[in-house]
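Novice: what follows is a predicted structure for the sequence shown.
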Amino acid sequence: MHFAFDTPLVVPLLLASMHGTTDFAKPAHRLAPYAALVCWPAALPVTPVFVCASVVHFRHDVGVRTSVAMHAAFVLGAAAGRDDAAFALFAAYFCLVHTPMHYWRHRGAWRYPVVATALCALCLAACQPLPHEVVLTDWMQRLVVAHIACDEADGGGRGSAPGEEKKGG
C-alpha cells in the first residue's frame, strides 16, 4: 500500500527525512536491517509493520502512550477522510519535534545528516518546479522500517522520552 499527500511541506519533509542518515555513523554490520529493502518477506504486510515501527520509534520522543495515541489519531483522521489534516499534523510533529529530538539523541553522528541534507537541498534547488506531493511507497516504508530497526539496535540513541528509563545499550 502506498500513500500520496499533496502538501506545501514537501521540502521541509524531505530535509527532515535526512535524519535517518545518522545510521551511517554505526559500524557497517549494524546496517543489516537495510537488507529489508530488497529482501522483504512476502508474507509480511509492509504498511502495518511501518505503522508499528513508527509507534516504537516515536516513543523515544514522547513516550509509549503518547506515541500510540498520536498514531491512532493519524490513522483515525485518515480513516475519517481527513487525510490532509492528519498528514499535516504528522508533518508538523515530524519536522518540529521528532527530527530535532532524534538529532539530539544522536548528536555525535551529525556529519552524516548534514551532508545528506545538503545534497538533498542541492537536488531540490535543481528540481524546478518543486514537487508538491509526498508519496510514501512500499519501498520507502521499508526504508523507514530499516532505519527504525537500526536505531532500535542502537538503543534508540542516547536518551529517551521524558519519564522513560533508558534500557540496555
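Specialist: Right, received. Where do you want to start?
Novice: just give the nearest non-adjacent residue to the residue positioned nearest the centre of the chain, would you?
Specialist: Nearest residue to the geometric centre of the chain (CA atoms, centre = their mean): Val144, 5.5 Å. Spatial nearest neighbour of Val144, chain neighbours left out: Phe50 (6.0 Å); criterion: CB to CB, 6 or more residues apart in numbering. From N, CA and C alone the C-beta is placed, and that goes for glycine too.
Novice: check Asp154 too.
Specialist: Distances taken as CB to CB, 6+ apart put Lys26 closest to Asp154, at 6.3 Å, once the chain neighbours are dropped.
Novice: what confidence value was assigned to that neighbour?
Specialist: Per-residue confidence at Lys26 stands at 84 (pLDDT).
Novice: now it: how far from Cys52?
Specialist: Look at Lys26 and Cys52: by CB to CB, to the nearest Å, they are 22 Å apart.
Novice: more neighbours, these two?
Specialist: Ranked by neighbour count (other CB atoms under 10 Å), Lys26 and Cys52 place Lys26 first, with 16 against 13.
Novice: distance of that one from Ala16?
Specialist: In terms of CB to CB, Lys26 sits 20 Å off from Ala16.
Novice: span of stretch 4-21 from start to end?
Specialist: In stretch 4-21, first residue to last residue: 23 Å (CA to CA, to the nearest Å).
Novice: does the residue lying closest to Val10 once chain neighbours are set aside count as helix, strand or coil?
Specialist: Once flanking residues are discounted, Val10 sits nearest to Pro131: 5.0 Å by CB to CB, 6+ apart. Counting by DSSP: H, G, I helix; E, B strand; the rest coil, the backbone at Pro131 sits in coil.
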